Structures are given as structure tokens and as C-alpha cells.
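>>> predicted model and sequence follow; I will ask about them next.
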Amino acid sequence: MTNHCKSQITNGRGDTEDPEVSRRDFFQRTVRGAVVVGASAMTMSGPVQAQYGGGPYVWKSIAAYRDSPNGPQFCARCVHFRPPAACQIVEPPISPSGWCRYFYPQPVVRYRRRAAVGPGY
């Protein structure tokens, strides 16, 4: 008497699969999974939140947030500040005159004066 049945594994849907997985199938499944995980990470709140805490916002206690400025540094001068009282990183609400450890100053824009244009130009 010979056994003509192959060893099979059932997946959760009641179907059976062959236990041997080709390299191509394994690679395709791995890439699809990575794409799904990567897409969900980017939709959480963007790369800034991923860099500073992984979630939508960082708690005020973790950011060492306070409602008073730190010398010339305050939220309204930070690149992460979103008027009137929000931040890309710290949980809302925040004060425009507050400060946290993620303060990063806005770039200073300097304009050069244009040369005076005379009547002959």
C-alpha cells in the first residue's frame, strides 16, 4: 500500500498549501509586507514624528515642554511651530511663547538692498 498524499499545510481559510515555498514567492511576500508596513508608518504623521517618537505626537513631559521661553528660544520662532497653537512634534495645545527640547530655529532670511537705479538705466 502506497501513500499518494503529499504532506500539506492548511492556511486559515481552509485551503491547503504546499509546504515548499520558492525563493521568488518568499521574496515577493517579504517585499509586499515591507511595503505595507512602510506605508502605514508614513501615514502616521510623517517623518518628523517618526524621528522624534514614532507616534503622532510626543508627550509634553518627554519633550520637556514649558509655557515660558528659554531665553531667545520660543515656539513661535521654531520650524515645527504651527500657528496659532500647535506643533509638528509636541502634543497640542502649546503656547507660542513656550519652549521644548526639540526647538530648532527658523532660518534667518537676509535681504540685500538693491542698488539705486539712476535715470540712465
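Happy to help now that I have it. Quick caveat: nothing in here was measured; it's all calculated off a predicted structure.
>>> average model confidence for stretch 109-120?
Throughout stretch 109-120, pLDDT has a mean value of 76.
>>> for burial, what's the neighbour tally of the residue nearest to Ala86 when sequence neighbours are not counted?
With sequence-adjacent residues excluded and distances taken as Cβ to Cβ, 6 or more residues apart in numbering, Ala86 is closest to Pro92, at 4.8 Å. For glycine as for every other residue, the C-beta is placed from the backbone atoms N, C-alpha and C. Neighbour count of Pro92, defined by other Cβ atoms under 10 Å: 10.
>>> residues contacting Pro92?
By Cβ atoms under 8 Å, 6 or more residues apart in numbering, the residues touching Pro92 are Tyr57, Ala85, Ala86.
>>> of those residues, which is the most crowded?
Neighbour counts for the contacts of Pro92 peak at Tyr57, which has 18 neighbours (criterion: other Cβ under 10 Å).
>>> so where do the helices sit in this structure?
23-45, 47-52 (DSSP state H).
>>> looking at the ones you listed, which has the lowest confidence?
Among the helices of the chain, helix 47-52 scores lowest, at a mean of 55.
>>> need the contact list for the residue lying closest to Cys78 once chain neighbours are set aside.
Nearest residue to Cys78 in three dimensions, chain neighbours excluded: Phe103, at 5.1 Å (Cβ to Cβ, 6+ apart). Shown in contact with Phe103 (Cβ under 8 Å, 6+ apart): Asn70, Gln73, Phe74, Cys75, Cys78.
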